[in-house]
Every structure is written in C-alpha cells, then in structure tokens.
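J.: what's the 3D shape of this:
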Amino acid sequence: MLRQTLSRALQIGGWLALAAIAILSLAPGELRPHVVASNHVEHAAAYFGAAALFASLCDERRRLLWSGLALTAYGGCLEIAQLWVPGRVANMGDFAASAAGVWLAIAPAFIWHWARETSRRAIGAAED
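T.: Numbers count the residues shown, from 1 in each chain. Predicted coordinates:
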C-alpha cells in the first residue's frame, strides 16, 4: 500500500514538473520569473528534477533510456515552440542544459540498475 502511494506521488510529481516546465518555457519573456542568475542552471535543475522523479519509477534500464530520450525530446520541442512566444527565443545552449539535467538524473539510476542486474547474474552463475 505504501509503495503504491509513493509510486503514485512520484508519478504525479513528475507530471506536475513537466507541466511547470512547459508553463515557464512558454510564458512570454517579461512574465517568466528568474530564480538564479544563469538560465542554463535553471534549465538543468528543472529537467534534473523531472527526470529524477521519472527515473525513480523505472524498474529496468530500457525504460530509463526511453524516459531520458523522451524528456530530452520534450526539452527540444519546448525550445522550438519558444520561436512563437513573444520575448522568447529558441537557444541551443538552453536545450543542451536541459538535456544535461535529464541525463545527469538518468545516468546514476542506469548505473544502479546495471550493477544490480550484473550482480544478480553473477550470483546466479555462482549458484550453478
């Protein structure tokens, strides 16, 4: 029961994070709040948080990779969409910061799953 509740909370948190990212990415330039001096840090932190929430829900490496690719593509789509938002511009540096945030969250989870799978195979081989 607790596990299901936690999983559901993480899932809702992930979707809320993506919604917040979209709202902030597509808000006109003069309405967008700035939390830190560097917008690249803001991009990386926002996408890191969203990716960490979704990564915590993935139970295998393949899902982690697909989640990382989907979140990276999401960041790219939002950057392109900014071309039509007054006071905003699409920026490759912002996209790179977003992608870095995604993969900085996905990589440790991927390594953890890989190590767990490798150790399980090693234990299984030792028992045979």
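
J.: are there helices or strands packed against the lowest-mean-pLDDT helix or strand in the chain, and which ones?
T.: For the chain, using mean pLDDT, DSSP states H and E, the weakest element among its helices and strands is helix 92-127, scoring a mean of 89. For helix 92-127, the packing partners by 3 or more Cβ pairs under 8 Å, 6 or more residues apart in numbering; DSSP states H and E come out as helix 39-55, helix 61-81. The way it works is simple: take the backbone N, C-alpha and C, and place the C-beta from them, glycine included.

J.: from G87, how far off is E30?
T.: The span separating E30 from G87 equals 6 Å under the rule Cβ to Cβ, to the nearest Å.

J.: higher neighbour count, the two?
T.: Between E30 and G87, G87 has the larger neighbour count (other Cβ atoms under 10 Å), namely 11 against 8.

J.: related to what we said a few turns ago, can you give me the buried ones in the least confident helix or strand of the chain?
T.: Under the neighbour-count criterion of 16 or more other Cβ atoms under 10 Å, helix 92-127 has 94-95, 97-103, 105-106, 109-110, 113 buried.

J.: shaky segments in this structure?
T.: Screening the chain residue by residue with the criterion pLDDT under 70, one finds the ranges 125, 128.

J.: center of this protein, which residue is that?
T.: Most central residue of the chain, judged by C-alpha distance to the mean C-alpha position with Cα atoms, centre = their mean, is A51 at 2.3 Å.

J.: check contacts around that residue.
T.: Counting by Cβ atoms under 8 Å, 6 or more residues apart in numbering, A51 touches 67-68, 71, 101-106.
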